[in-house]
Each structure stands twice: as C-alpha cells, then as structure tokens.
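K.L.:
This is a predicted model, with the sequence first.
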Amino acid sequence: MNKILGLLLIFLLITNCSLDKKSGLWSENSKIDIEKDLIITELFEDEKTFNKELNSNVKIKLKSNLTNNNFTNNLSNNNGRVNYNGSLENISRYKYSSIDNFGQFEPEIVFDNNNVIFFDNKASILKFDEFSKLIWKVNYYQKAEKKLKPILTFANDQNILIVADNIAKYYALDIKTGKLLWTKNNSAPFNSQIKIYKNKFFLTDFENILRCYSIKDGKELWNVKTDTAFIKSQKKLSIIIFEEKIFFNNSIGDISSVDVNTGKLLWQVPTQDSSIYESAFQLKTSDLIVSNKSILFSNNKNEFFSIDINTGTLNWKQKINSSVRPTAIDNLVFTVSNEGFLVIIESQTGNIVRITNIFDRIKEKKRSKIIPVGFIVGEKNIYLTTNNGRLIIVDISTGRSSSMLKIDNEKISRPFILNKNLFIIKDNAIIKIN
C-alpha cells in the first residue's frame, strides 16, 4: 500500500510541477509568429551542437545611422553600427615588450582624442599619437610588483585615466602628462571592466564585490557583495550603467542591479543553478549590453538572455552558445557563436531571423580549435577576430564572409575603431588598419 501511495505522489509531482515563469530565467521559449516567410524552428536537436544555418537567403538591411563610437567609457557596452568601411590595405604597428599569457585575458585599448593608451609586459603605460609617436611612458610599479607581470585595465574621462590590475592595485593618472595623482590597494585583485560615471568609478574584484570609488582620491564610497566561488574565473566581468542604475555580473552568473548613487541593491537574478559553484571557472559570459531597456548577454552554456532592465524578469531566452559581446542595432541583435555562426535575433521577441556560417573559409579539420574573440558592425561589413589571429570580414546583407586576413598566428583582441581606423591588439604590438 505504501509503495502505491509513493508512486502516486511521484506522479502528481511530475505532472503538476512547473518552473516559475515569473522568476525570470527558467521559462520555456514562446514561439511568436514572425513576418514574411521566415522559419521558426527548433535550432538544437542536441544542446551541445550548433551546426545549422537558418533563413540563410534572407537579406538584412540596416536603417540606423552610423556612430562615431570611439570605445571610450561606453556605459552601455553596445557599440551599435560603427562608422567604418576601411579598405584594409594599409597596416601599421606600434611594438612593445611581449605580454606573457596574452591569450588568457581580454585586452582593452583606451583612446584620448586621437591618441592610444595601452601597456607592456612590465606594466609600463604607453601613450602614443595617431602616427605611432610615443607621447609619454610611465611605470608606477616596484621591482617585486613588476615580476608579477600585472595585467592592466583602463578607463578615462577627459582629464583622468583610471588604472586597475590583477594584483589588487588601482590608481589615477593625469591623462595629458601621465603624472600619478593617487594610488591605492584593494583586498583582492580586480577582474572587471572599469566604468566612470560623474565623479565615481566602478570595479568588481575576484571576490565578486562591486566597489564604488571616488575619482578625486580613490576612497571607497560603498560596495555590494555577491556570492563567490572557491575557484576564481579568469573571464573579465562586465559592468553597464543606465538611468542611474549600475548592472553587473559575477563569476557564477548572477546579474545584479544597484542604485548608482547609494549602492542599494535593487534586484538580483541567478542565471545558473547551484552546480555552477563547483565549476565557475568553466562559465564564460559575454559582456552585458543595454538596448531598448533590456540587458542582453550570452554564455558558453548555450544560453542567450534578454532581461528587463527595471525588474530583472526574463523577456526571452535562446539556445545560442557564445561568449563574445553582442551588438544591438535597430530592432536586431547580432552575435557570433563559438562554433562560428553569425546569428541575428529580433530584439523584442527573441525570434531568430537568420543564421549563417561565417567560418566557411576555414578548413573543416581546424574549425574545432578556432573560437571568435570579438566583432564590430560597420557600415557594410562585420569585422570578426579569432583566437588564431585572423580577421574575418562578413557582408551584413548576406551574412557571408567575403575575405579573411592573417594578422597573427596567435590570439588577437576584438577590433576597436577610432577615426575610421581599425585597431587590434596582439601580444607585442597594437596594429592599425585603414
């Protein structure tokens, strides 16, 4: 009798339990009709595979105006459609001492008007002009610190350059002269983007703590602690600021919303179940971006999310395996999967508009080892970099690769644009292509 009752109880649990659709993240995708003759289909027979094109003959025509996005302190992280349509004929390089373990981090260039700021293997900060002439070079690390080969992250406003590193140091320089304004140390190394807003700047450290500092003297104003994992993820964490709120992710996949002025936690949403605590080092989440009051991001767990920026509830979720920063333009979202597929999504509904294979110029045997690093959307083309040093040019209209340039044999950074020039970082040089 007890056995029968037990079986009945299990049956009732299975048939009546449902995932909470109001919680924001675990509801099933709803299929919404799409205009014209586009196909809505199940994209995955197996969640671990992504090898199908969809609506590959559909042409995309963008309406939005081009932006002169110089990638400096971009609060939304959304690069949009950048004013670039280079000939890709002339290449110049600014060389520096080779950075160890370059392939393990995500380098960022900082621009100051027409000037470029980066660092070398000894943590010297370099500022040079558009003709690759060195303006200043400074180093504020002691001998013991230099041996640790710090990896630096930058952000700047018009006058001040904020620097943070992976050995728990942060400091400010006069951006015109390179003079040190102040320097501080944190209790843990930093592992995030830096965002400057008004008279404050924001960072997240390896303990998954968002910290707010004063630009004037580096004093900590407030912090927000989130859950952490024993093993630290090497993936750089993301920060965005929109409508007096700051949004950030942590190494275990939580997304948090905080009042930018007070540090008050407004909402927090987990995107992974508890098992991620044991494997946080495997999770790679793309940069967060803001578009149409939604937060968009993806990860290497076959998940692409759109979350309402005010409430943290789920708008939609798609099975797309990507850890590169997406881009939103008009009502479309562009991303590239780790398997080399360009995916275009309707931003409001989450419907897939088109999927095309942009690794088609790469030999089949090599594709499994090649991973996208990052991309920008230009006037007519998408420019994608890879971990084997290639720059792939993709026609926006057709979604097909038109050419592939060899920049290096190892990992190169995502592309950056300044004054219609394309910049790419490699381990020992910044490359400018026009």
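P.N.:
Yep, it's here. Numbers count the residues shown, from 1 in each chain.
K.L.:
The residue sitting nearest the centre point of the chain - nearest residue in space that isn't next to it in sequence?
P.N.:
Nearest to the mean C-alpha position of the chain, by Cα atoms, centre = their mean, lies Asp287 at 2.5 Å. Using Cβ to Cβ, 6 or more residues apart in numbering and skipping the chain neighbours, the partner closest in space to Asp287 is Arg325 (3.9 Å). In this view, the C-beta of every residue, glycine as well, is placed from N, C-alpha and C.
K.L.:
likewise Lys216?
P.N.:
Using Cβ to Cβ, 6+ apart, the closest residue to Lys216 is Asn199 (6.7 Å).
K.L.:
Am I right that the one you found is in contact with Cys212?
P.N.:
No. Counting by Cβ atoms under 8 Å, Asn199 does not reach Cys212; the two are 10.6 Å apart.
K.L.:
between these two, which one's more packed in?
P.N.:
Under the criterion of other Cβ atoms under 10 Å, the comparison of Asn199 against Cys212 puts Cys212 first, with 21 against 10.
K.L.:
quick one: pLDDT of the more buried one?
P.N.:
Model confidence at Cys212, expressed as pLDDT, equals 98.
K.L.:
Looking at strand pairing, list the partners for it.
P.N.:
Beta-bridge partners for Cys212, by DSSP bridges, are Phe202, Trp222.
K.L.:
Give me the distance between Val58 and Ile396.
P.N.:
12 Å (Cβ to Cβ, to the nearest Å).
K.L.:
same thing with Glu220?
P.N.:
Distance from Glu220 to Ile396, by Cβ to Cβ: 44 Å.
K.L.:
next one: Lys366
P.N.:
25 Å.
K.L.:
Where does pLDDT dip in the stretch 101-250 of the chain?
P.N.:
Low-confidence segments of the stretch 101-250 of the chain (pLDDT under 70): 230-234.
K.L.:
any common contacting residues for Val58 and Ile396?
P.N.:
With contacts defined as Cβ atoms under 8 Å, 6 or more residues apart in numbering, no residue is adjacent to both Val58 and Ile396.
K.L.:
Where do the helices of the stretch 151-300 of the chain begin and end?
P.N.:
Read by DSSP state H, counting those that start in this stretch, the stretch 151-300 of the chain holds no helices at all.
K.L.:
can you give me the strands for it?
P.N.:
Residue ranges of the strands in the stretch 151-300 of the chain, as given by DSSP state E, counting those that start in this stretch, are 152-156, 160-165, 169-174, 180-185, 195-197, 200-204, 209-214, 220-225, 239-242, 245-249, 255-259, 265-269, 289-291, 294-299.
K.L.:
So what sits opposite Ser294 in the bridge?
P.N.:
Ser291, Asp308.
K.L.:
ok, it - contacts?
P.N.:
Shown in contact with Ser294 (Cβ under 8 Å, 6+ apart): Ser306, Ile307, Asp308, Ile309, Asn315, Ser347.
K.L.:
so which of those residues comes closest to Lys216?
P.N.:
Among the contacts of Ser294, Ile309 lies closest to Lys216 (Cβ to Cβ), at 29.5 Å.
K.L.:
Distance check, that closest one against Ser98.
P.N.:
41 Å.
K.L.:
which of the two has more neighbours?
P.N.:
When Ile309 and Ser98 are compared for neighbours, Ile309 comes out ahead with 20 against 12, by other Cβ under 10 Å.
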